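Peer 1: return a 3D structure for these sequence lines:
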Amino acid sequence: MSVLLPNMADFDTIYELEEEEDEEEEESETVVRSQELPRLRDAPEPVAVRGAGQITVFGLTNKFDTEFPSVLTGKVAPEEFKTSISRVNVCLKKNLPISVKWLLCGCLCCCCTLGCSLWPAVCLNKRTRRSIEKLLEWENNRLYHKLGLHWKLSKRKCETSNMVEYVILIEFLPKYPIFRPD
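Peer 2: Sure, this is the predicted structure:
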């Protein structure tokens, strides 16, 4: 269906042009393209690497579990997985204690500052998340995109409560690039 606006005098009038043959051709092309593409529902579920630490600040735990998930067998070497998780854990180990200190100071002074003393802890947590996201993006570009995997930091609702936690999601990329018709 096309829309034609002949001139400014007829601006409010919209004319529809019938192009039945063109629409039929476009539908047949999209059917052929969709048959060639992998379906997203056939892709395996993403693997979630949950936090394994004792301290959690604004959903970020102080370390992630380095245990190799059996789903990734044959996709990535256990040593590479452990090295990547260890890099994330080093980043958390460096940044999270400072966030905890600022959070404690912010809670102590919260009544006097009307909550403004919590801003440093919130900003430090955001900086920590961004540094982990950059680290995961570097890991993706370096290794995991070549292996058909994509790592990202994602929010998930805890299974036991209404709290939100951050997990590392390992998604499986489709084998073929997805072409979108214009």
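
Peer 1: what's near enough to touch residue 109?
Peer 2: By CB atoms under 8 Å, 6 or more residues apart in numbering, residue 109 lies in contact with residue 117. Heads up, the C-betas are built off the backbone N, CA and C, glycines and all.

Peer 1: typo on my end, it should be residue 112
Peer 2: Neighbours of residue 112 in contact, by CB under 8 Å, 6+ apart: none.

Peer 1: quick one: it is in a helix?
Peer 2: Yes. Counting by DSSP: H, G, I helix; E, B strand; the rest coil, residue 112 is part of a helix.

Peer 1: so what pLDDT did it get?
Peer 2: For residue 112, the model assigns a pLDDT of 83.

Peer 1: measure it to residue 98 for me?
Peer 2: According to CB to CB, to the nearest Å, residue 112 and residue 98 sit 22 Å apart.

Peer 1: residue 75: how many residues sit nearby?
Peer 2: 17 (other CB atoms under 10 Å).

Peer 1: that one contacts residue 147, doesn't it?
Peer 2: Yes. Residue 75 is within contact range of residue 147, at 6.0 Å (criterion: CB atoms under 8 Å).

Peer 1: SS state for residue 161?
Peer 2: coil.
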